[in-house]
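Trainee: got a predicted structure here, sequence first:
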Number of protein chains: 4
Amino acid sequence: MKKRKICVVVCSRANYSSIKSAMEAIENHPNLELQLVLGASAILDRYGSLDEQINIQNINISEKVYMLLEGENPVTMAKSTGIGLIELPSVFERLKPDIVVTVGDRFETMATTLSAAYMNIPIAHTMGGEVSGTIDESIRHAITKFSHIHFPASKDAAERIKKLGEKEDSIFHVGCPRIDLVNEYLNQVPKNLDQALNEGVGDTLDFSQPFVLVSQHPVTTEYGSGESQITETLKAIRKLDIQAAILWPNADAGSDDIGRGIRKWREKGLDKNMHFYKNLPIEVYVHLLNKTKCLIGNSSSGIREGAFIGTPVVNIGSRQDARERGQNVMDVKNSTNDIYNAILAQIKNGKYQSDPIYGDGTAGIKIANILSKCDWDIQKRITY
Amino acid sequence: MKKRKICVVVCSRANYSSIKSAMEAIENHPNLELQLVLGASAILDRYGSLDEQINIQNINISEKVYMLLEGENPVTMAKSTGIGLIELPSVFERLKPDIVVTVGDRFETMATTLSAAYMNIPIAHTMGGEVSGTIDESIRHAITKFSHIHFPASKDAAERIKKLGEKEDSIFHVGCPRIDLVNEYLNQVPKNLDQALNEGVGDTLDFSQPFVLVSQHPVTTEYGSGESQITETLKAIRKLDIQAAILWPNADAGSDDIGRGIRKWREKGLDKNMHFYKNLPIEVYVHLLNKTKCLIGNSSSGIREGAFIGTPVVNIGSRQDARERGQNVMDVKNSTNDIYNAILAQIKNGKYQSDPIYGDGTAGIKIANILSKCDWDIQKRITY
Amino acid sequence: MKKRKICVVVCSRANYSSIKSAMEAIENHPNLELQLVLGASAILDRYGSLDEQINIQNINISEKVYMLLEGENPVTMAKSTGIGLIELPSVFERLKPDIVVTVGDRFETMATTLSAAYMNIPIAHTMGGEVSGTIDESIRHAITKFSHIHFPASKDAAERIKKLGEKEDSIFHVGCPRIDLVNEYLNQVPKNLDQALNEGVGDTLDFSQPFVLVSQHPVTTEYGSGESQITETLKAIRKLDIQAAILWPNADAGSDDIGRGIRKWREKGLDKNMHFYKNLPIEVYVHLLNKTKCLIGNSSSGIREGAFIGTPVVNIGSRQDARERGQNVMDVKNSTNDIYNAILAQIKNGKYQSDPIYGDGTAGIKIANILSKCDWDIQKRITY
Amino acid sequence: MKKRKICVVVCSRANYSSIKSAMEAIENHPNLELQLVLGASAILDRYGSLDEQINIQNINISEKVYMLLEGENPVTMAKSTGIGLIELPSVFERLKPDIVVTVGDRFETMATTLSAAYMNIPIAHTMGGEVSGTIDESIRHAITKFSHIHFPASKDAAERIKKLGEKEDSIFHVGCPRIDLVNEYLNQVPKNLDQALNEGVGDTLDFSQPFVLVSQHPVTTEYGSGESQITETLKAIRKLDIQAAILWPNADAGSDDIGRGIRKWREKGLDKNMHFYKNLPIEVYVHLLNKTKCLIGNSSSGIREGAFIGTPVVNIGSRQDARERGQNVMDVKNSTNDIYNAILAQIKNGKYQSDPIYGDGTAGIKIANILSKCDWDIQKRITY
């Protein structure tokens, strides 16, 4: 039997850890052949290129696609998607995949989705059906309307995809593949832990002592507010006088604003007990999520991985609005005082119970099995 | 009061007649300022450029956007959208519209939609919520998920938009602006009738005698079948031995196939009593729709304008599958015999009653009024 | 020994016949591997795609590159080059050629040239050093300044390349590979002759009787004048009352103008004894160049192939200004009377002597041999 | 009289200071209207956006063009030029300049040049005719072959442009506009001096004590060697034990390599007495060029501005090969020892005499005057 060619397009480090376990399962499946395409920030040094990490895994990179136009603002976000739409059809023309897998809801995923859809290649979509803020909310549901196979992470999301008019037999509630990684990494100490924690700039932290984690990204629909938003957060942390490991923002419209906020903070010498990381290997990040007193910011990882691990989370602002969440998340506005009080409360509460809302650690294997057998109708039809 | 700037992006002649009455109403509204952007085939000689027609109307063209990559296949369809996504953000950056209006469901509309959405400009969408075949089906619903203001043409479509999770107060059932034009043109003889009917190539037809109209476009999800599909139709018409006015296909992936089918037919000398038009002015087209014994092919105009006029229609193949239709439409497969029999039946039946299913002729004015007053929340939220 | 990979980029039918004999010699050379990239109009149906012709030759097409943005005006000419510059670097990245061969001076060749140059791939250029009108004049010399290996067609051109500051040992006067084809085809009757002559539209011609050939292209630096220019020519031919085989113009800015001129001429019914060809296979074209009473227009083929064959040529307008020419060419302005008188004079004169000014039929083999052995310095240095 | 519209396209900070005095003269000329287009790194925060600086000057920015594709390697260098070629024609279409001015020889200047050339807009080129290493060497001469008006900086360069086949009356030896700035800034202490010198990272320097300046850029034709090249230089400086102000490299293919070299050096803690600047305002840079004991690296400023000021320069590697230079420059290989010895020798020698080889400080005014009066023939012709 001819193997089905499954092309996975990965456009960021976050994409990568969201699909890694599924890629491994595809690679190992007797009836599937993995085609990995890396694009956008996933191949850029300054966002932490994935090349090295992937080489270790013995996965072959089929193609690399440069598509990010410098500027990091709404105009270049749209234009970058356009460049992806010029590049990816040639890639698919060469690879001739049987199915294209697209992950989540970042702006570049529209380039993957439209390229495949216009070329009549069936699309499998992970992490659809969820609800959030920013433009991701529209992107995610639009991709659902182009997709032929749906792999929602939660039951609630699966239900929503059905309401969007997708056929029930095209929806497979498999859980989130990120939880597979968390499950794998949770009880092992990463080999590269010390090295990874020594990267970056700022004060040296003692991770045997209490620390908080900060991961705050720009909100594309509030473009221009990033600098003041991160500053509110940094003030709250300074007031707490606790060690803080702070992650650099994603490559979205507005990440320059947040970067500027961080730089100014440091230039003013307000960064005592703070260490800044460009990015952390996923296994190190999971390790820290497990050990931290509190995760602060607006990363979806607090809500998703945090639920499984039981990490106390202070979720700031609108970015994760309406995303299904467990007990571990406390929501606050972009205000130093609110943030400060919420962190105190979370530290006091300590670790939460594990909650399988976003998966139980077997999503990747389920995805591979379904991809090896599923049918689809290339002509989509809304169910109502 | 500052006028709201309404930017309408028109990417084809069909787009143009689908929005013309709304543009006129916007242009004439005291609180609105019209910004017209022409792109894709709307500015190309070989599809019948719109420049002249628009000049007559005294509408100012704000920008022209070249975006069609030659090739007319699925790969260039995707890449052309990418070029649009590189060009349109610069256009919006200069024009700074308060609202962008996008029309229908052609592949280029995704460029308009994503450019506006990523730039946080609210989007108004006409003709959403309908159901059809081809990739248009996915495009249409995806645009709905990016749009802030919906102008469905039928009640059924309005209902479907609501089911897709859009807020009820963002949905305005206004009817189809194309019907406004039909209403305007129906009882007047176009000034340019004789000239328009003399354009094109082929035998001279006598329009005081019975004739059929043919308008058949490629089905993007059946790419490669266009030549055989048009040939089945042409055989049926030849067998009928009736005069036929035949329209050239749209600039979609596959239009070259249909074009080749027509050319070969002509080269074989089988085109007696047939005349071929690259395009017809909308007023002439409406006049012919009113006078023809039967419209044959897979154009949506048979279903939409045809319902209002009562034109007997033979609708071929899957392109209009699931589009809401009136009594005037008879559906058949791509088969000479089926087509032949259906045409005979429709000619025998004659004109149908007018049916307001797609509007009553006031859509344009309604759209302008709503655009002058409506509110929106730039951060979209699914309702469930 | 590892074979040198020679990547030839062909962007039009004219490009193809200008490099065909060299490609065959590369393909057959024991130390060379041919990589053929087809782009721009070379892969478009409406300019006569090369696919079929190349399949017959058993040459493998490595990549196809869609790069022509519809519009055919100066703006889209520049943008199309930009699209080529986005696409070709990915192509070279995959093929990893040792040398890139670029042909002549069309606008798309700048995309090939800049892609290779910026990627530090050595460039071999054919047909450099000549002098002509239009933007080609600048393009040709600019490509020389980026090229590492020069294959001029004439001694005069070789001399000019040296004056441009190129190193003497990088310049190889090999003659024009088009003449190799002419030499091959000249004394054989093409197998596809009848079929090729039956293509196209217009009156049926009797090629055993006297006829003229017309090949007139737009002058990019006189954009907008194409329609009146071709009309002057058509008037002269009509006045002569001789059979005329007329070729469709190249895909340059302005070809729509010429196309419109031809279409209007036909619509007025002035096309008695005229037949219009979209394109002719090169062997058929050579056959006609040999048999015609006169070639009329502004094609370089009259000056180059015409010299070798001895074809009487009436060269119109500025397009070939300053190109080295033999006795067979008579130059006239864009004026019906001048054109008419010159044709009469050329018909009266009859065939000219063969002149080897543009080569003796061995250019392709010379090029392959040199490419298999030559050295270059990737860092270019002007010689003065 | 209608003012001539002069469109200046500035793609980097270096471009800006190379044309600033000419822009001021154009802005102030009664018969000229300045259109300023900023593109590429000139509008990016991370290379030091020019917006603020230009606002101070009261010059209106007509358009901004995002064109840099992230990656900073040979492939993205070519693709970025392609994006420029898609964007700039629309800009010129709107601005309708009478003349486009392009500066120097960076890769993006080809986008400006081809856009204008293909659109039949005359091109004026500054800093042509010089000789250097890297791909700039080819770019510069190619632009000359597209340009209608030449503004060489030196007599030698003017002579070379003539040899390239350009008409003598199109060549105006005006000197380098950068020298105009140097002349203006040389004897005044910049207002923003202290602030500018406090930017950046690293040890605090005492500029009243001896210091060296380092400005080392990637050599595109030696892509991949940047890290080892900068390391050789940093070793030499460390060995000297003198204060060093070190500038971040340009946004060329390879700048990431140099950046990495600098970062690793700092992470190893070898950066005593070193301060790193992302960029310096031109007036501050001139001030430092005047005060430094020695400029080290491969910047053209050592050769050009250095000649006028008399700065001792140690020029490393091939980047400036063959550029005309004065007595103040000592050339060495990329080797710690050679660099070390040369710096010692230059410090010992001290300041050199001023040399007007690259201009006397009046280039900008000369350029504006010529642009207001000059003629050109849009159809270029080589002179031999």
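Mentor: Looks like it arrived, so ask away.
Trainee: where along the stretch 151-300 of chain A do the strands fall?
Mentor: A:201-202, A:211-215, A:243-247, A:274-277, A:294-297 (DSSP state E, counting those that start in this stretch).
Trainee: other SSEs contacting the last one?
Mentor: Yep, that's strand A:294-297 we're talking about. When contacts are defined as 3 or more CB pairs under 8 Å, 6 or more residues apart in numbering or on different chains; DSSP states H and E, strand A:294-297 packs onto strand A:211-215, helix A:226-240, strand A:313-316, helix A:336-349. Yep, even glycine has a C-beta here, placed from its N, CA and C like the rest.
Trainee: that one pairs with which strands, parallel or anti?
Mentor: Neighbouring strands of strand A:294-297 in its sheet, by DSSP bridges, are strand A:211-215 (parallel), strand A:313-316 (parallel).
Trainee: next: the fourth one.
Mentor: In the sheet containing strand A:274-277, the strands it pairs with under DSSP bridges are strand A:201-202 (antiparallel), strand A:243-247 (parallel).
Trainee: which of these sits most buried?
Mentor: When the strands paired with strand A:274-277 are scored by mean count of other CB atoms under 10 Å in any protein chain shown, the highest mean neighbour count falls to strand A:243-247 (a mean of 23).
Trainee: so what touches that strand?
Mentor: A:197, A:202, A:205-206, A:209-215, A:237, A:262, A:273-277, A:279-280, A:288, A:292, A:297, A:299 (CB atoms under 8 Å, 6 or more residues apart in numbering or on different chains).
Trainee: 7 Å instead, please
Mentor: A:205-206, A:209-215, A:237, A:273-277, A:280, A:288 (CB atoms under 7 Å, 6 or more residues apart in numbering or on different chains).
Trainee: filter the residues you listed down to the buried ones, PyMOL style.
Mentor: A single PyMOL command selects the buried members of those (16 or more other CB atoms under 10 Å in any protein chain shown):
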select buried, chain A and resi 205+211+212+213+214+215+237+273+274+275+276+277+280+288
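Trainee: mean pLDDT for the strands of the stretch 151-300 of chain A: which is lowest?
Mentor: Among those, strand A:201-202 carries the lowest mean pLDDT, a mean of 90.
Trainee: how about the residues of the stretch 1-150 of chain A that lie near chain B?
Mentor: Within reach of chain B by CB under 7 Å from any CB of the partner chain, the stretch 1-150 of chain A has these residues: A:74-75, A:77-79, A:81-83, A:85-86, A:89, A:93, A:107, A:110, A:114-115, A:117-120, A:131, A:133, A:135, A:137-138, A:141-142, A:145-146.
Trainee: can you narrow those residues down to the ones near chain D?
Mentor: Among the residues of the stretch 1-150 of chain A next to chain B, chain D is touched by A:75, A:79, A:83 when using CB under 7 Å from any CB.
Trainee: can you redo these as JSON lines with neighbour count?
Mentor: Shown next, in JSON lines, are those (neighbours: other CB atoms under 10 Å in any protein chain shown):
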{"residue": "A:V75", "neighbour count": "20"}
{"residue": "A:K79", "neighbour count": "30"}
{"residue": "A:I83", "neighbour count": "29"}
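Trainee: the helix or strand containing A:A22 and chain D, are they touching?
Mentor: Secondary structure assignment for A:A22, by DSSP states H and E: helix A:13-28. No: Helix A:13-28 does not reach chain D (CB under 7 Å from any CB); its nearest approach is 14.6 Å.
Trainee: give the rounded mean pLDDT of that helix.
Mentor: 93.
Trainee: and it, what does it pack onto?
Mentor: If you count contacts as 3 or more CB pairs under 7 Å, 6 or more residues apart in numbering or on different chains; DSSP states H and E, helix A:13-28 packs onto strand A:4-10, strand A:32-39, strand A:99-103, helix A:177-185, helix A:363-373.
Trainee: check the gap between A:N273 and chain D for me.
Mentor: Computed as CB to the nearest CB, to the nearest Å, the A:N273 to chain D distance reads 20 Å.
Trainee: quick one, phi/psi of that residue?
Mentor: phi 70, psi 10 (degrees, to the nearest 10).
Trainee: with adjacent residues omitted, what lies nearest to it?
Mentor: A:Q243 (5.0 Å; CB to CB, 6 or more residues apart in numbering or on different chains).
Trainee: against A:K291, how distant is that neighbour?
Mentor: 12 Å (CB to CB, to the nearest Å).
Trainee: could you do A:Y285 as well?
Mentor: For A:Y285, the distance to A:K291 - CB to CB - is 11 Å.
Trainee: who's more crowded, those two?
Mentor: Neighbour tally, A:Y285 and A:K291, criterion other CB atoms under 10 Å in any protein chain shown: the higher count belongs to A:Y285, 26 against 15.
Trainee: helix, strand or coil for the closest residue to that one other than its chain neighbours?
Mentor: Nearest non-adjacent residue to A:Y285, counting by CB to CB, 6+ apart: A:S301, 7.4 Å away. Recorded secondary structure, A:S301: helix (DSSP: H, G, I helix; E, B strand; the rest coil).
Trainee: relative to A:K155, how far out is A:S301?
Mentor: 20 Å.
Trainee: compare those two (neighbour count), which wins?
Mentor: Taking neighbours as other CB under 10 Å, A:S301 and A:K155 compare with A:S301 leading, 24 against 13.
Trainee: test my guess that A:M23 contacts A:C7.
Mentor: No: counting by CB atoms under 7 Å, A:M23 does not reach A:C7; the two are 10.9 Å apart.
Trainee: which of these two has more residues huddled nearby?
Mentor: Between A:M23 and A:C7, A:C7 has the larger neighbour count (other CB under 10 Å), namely 26 against 23.
Trainee: contact partners for A:R260?
Mentor: Contacts of A:R260 (CB under 7 Å, 6+ apart): A:E227.
Trainee: on the pLDDT front, check it for me.
Mentor: 92.
Trainee: what's the answer for the one 3 residues further on, then?
Mentor: Here the pLDDT value assigned to A:R263 is 91.
Trainee: same question for A:I56.
Mentor: Taking A:I56 on its own, its pLDDT is 67.
Trainee: got it, and the one 4 residues further on?
Mentor: In the prediction, the pLDDT value recorded for A:N60 is 90.
Trainee: counting neighbours, what do you get for the residue lying closest to it once chain neighbours are set aside?
Mentor: Spatial nearest neighbour of A:N60, excluding adjacent residues (CB to CB, 6+ apart): A:L36 at 6.8 Å. Using other CB under 10 Å, A:L36 has 25 neighbouring residues.
Trainee: got a list of what A:L36 touches?
Mentor: Contacts of A:L36 by CB under 7 Å, 6+ apart are A:8, A:10, A:23, A:59-62.
Trainee: bridging residues for it?
Mentor: Those that pair with A:L36 in a beta bridge, by DSSP bridges, are A:V8, A:I61.
Trainee: repeat for A:G202
Mentor: Where A:G202 sits in a bridge, its partners, by DSSP bridges, are A:H275.
Trainee: surely it touches A:K272?
Mentor: No: taking CB under 7 Å as the definition, A:G202 is not a contact partner of A:K272, at 9.2 Å.
Trainee: buried stuff in the worst-scoring helix or strand of chain A on mean pLDDT?
Mentor: Using mean pLDDT, DSSP states H and E, helix A:51-56 stands out as the lowest-scoring helix or strand of chain A, at a mean of 73. The neighbour-count check on helix A:51-56 (16+ other CB under 10 Å) flags A:53-54 as buried.
Trainee: what pLDDT does A:K278 get?
Mentor: Per-residue confidence at A:K278 stands at 87 (pLDDT).
Trainee: hmm, A:A251 and it touching each other?
Mentor: No: A:K278 lies out of contact with A:A251 (CB under 7 Å); the separation is 11.3 Å.
Trainee: of the two, who's got more company?
Mentor: Taking other CB under 10 Å, A:K278 and A:A251 do not tie; A:A251 has more neighbours (26 against 13).
Trainee: ok, that one - contacts?
Mentor: Counting by CB under 7 Å, 6+ apart, the residues that A:A251 touches are A:41, A:47, A:68, A:72.
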